[in-house]
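>>> Build me a model from this:
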Amino acid sequence: MRLMAVALFVFLAAIAIATFIESLYGIQATKILVYNHWWFEILLVYLGLSLISNIVKYRMWQREKIAMLTFHLSFILILIGAGVTRFVGFEGIMVVPEGSEVNFIYSGEPHILVHVQNPKKKESSATFTEKKLLSVITNNEFELEYEFEGKPLTISYVDFKAKCNKAIESNPSISESGIELFTNIERNWNISNAENTPLEAPGIEIKAFGDSLKIKTAVPIEVIKMSELRQEEQKTGIQDSSKIKTIPIKTWYPFTTRTLYKVGNEQFVFNRILKNSRRGLVPTGNLKEGLDYLTVNVSFAGKGLRRW
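Here you go, the predicted structure:
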């Protein structure tokens, strides 16, 4: 009886700790550390056997002990239900719009979905799924091995980030820099070194040459200093043509602050350099916001392909 009391205390403490972990790191961390862990399963089995033992030992089927029997049977039934859910049940969400039929369900458990296709043989493809719980506070190391067209396909864990958004992150350890633009063009801008490989497609390149920036373009760009614009011109967007300069195509041209650059009907202003910054994954700090990002290495037939 004393051992059962201790086990019940451990059970309640585990539930309390699990609730605390879930509030900080999410349900996946809770399942990894508590609910799906072997020690918690053993604890539940021990509690169930102890309850059955007490029913027999204290003859709880007697009329004066019916209330105690009901309590024990209820707890046993809960444990059986938990076991069925844990080892046999399937959790998920089925979205059925009114007046329609569906034949699939969204799994409530996270899975890694791998789809492989031979670009030379579109009919040659394969899909693999693997149930995998991941958390930022646990060891997520894994290596998945499959076979495609008779050759080994290996997917190995690199990194996992939970509830993040793509945003600018700044840190002294970051060697890269970025630029802040005010623009109505949807583009991602990064500063690259002059020795980097040129762009494959025509466009706009901005590179660092020592402490200065230069711009090279494959399309016509007009330039005008913001300081030369009158207040009316800034509001209306109509500029004096005599103040406008044109950047020579495919030539490195000084990229200066407080300057309006126009590409057709689009325009942007270079505001400042963001030292030790880059566009990356920044935690939202909210379990209800952001996405989870898993990074893996993929190799096929012994050759590394790329990192995803």
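
>>> Wait, Leu113 touches Thr129, no?
Yes - assessed by C-beta atoms under 8 Å, Leu113 is found in contact with Thr129 at 5.5 Å. For glycine as for every other residue, the C-beta is placed from the backbone atoms N, C-alpha and C.

>>> the more surrounded of the two?
Neighbour count, other C-beta atoms under 10 Å: between Leu113 and Thr129, Thr129 has more, with 11 against 8.

>>> so how far is Ser212 from the closest residue in space to that one that isn't next to it in sequence?
Counting by C-beta to C-beta, 6 or more residues apart in numbering, His111 is the residue found nearest to Thr129 once chain neighbours are left out, at 5.0 Å. To Ser212, His111 is 50 Å away according to C-beta to C-beta, to the nearest Å.

>>> confidence score at the residue nearest to Thr129?
On pLDDT, His111 comes in at 89.

>>> before we move on, what about the one 10 residues further on?
According to the per-residue confidence, Lys121 scores 83 in pLDDT.

>>> swap in Asp240?
Asp240 is assigned 60 on the pLDDT scale.

>>> in the stretch 101-250 of the chain, which spans are strands?
Along the stretch 101-250 of the chain, counting by DSSP state E, counting those that start in this stretch, strands occupy 106-107, 111-118, 121-131, 143-148, 151-170, 178-183, 192-193, 204-209, 212-217, 221-225, 245-247.

>>> ok, of those strands, where does mean pLDDT dip lowest?
strand 192-193 (a mean of 43).

>>> returning to that earlier point: who is the residue nearest to Thr129 paired with across the strands?
For His111, the beta-bridge partners are Lys131 (DSSP bridges).

>>> quick check, Trp39 in a helix?
Yes - going by DSSP: H, G, I helix; E, B strand; the rest coil, the assignment for Trp39 places it inside a helix.

>>> Start at 18, not 1
Will do, 18 is the new start, and the previous item becomes Trp56.
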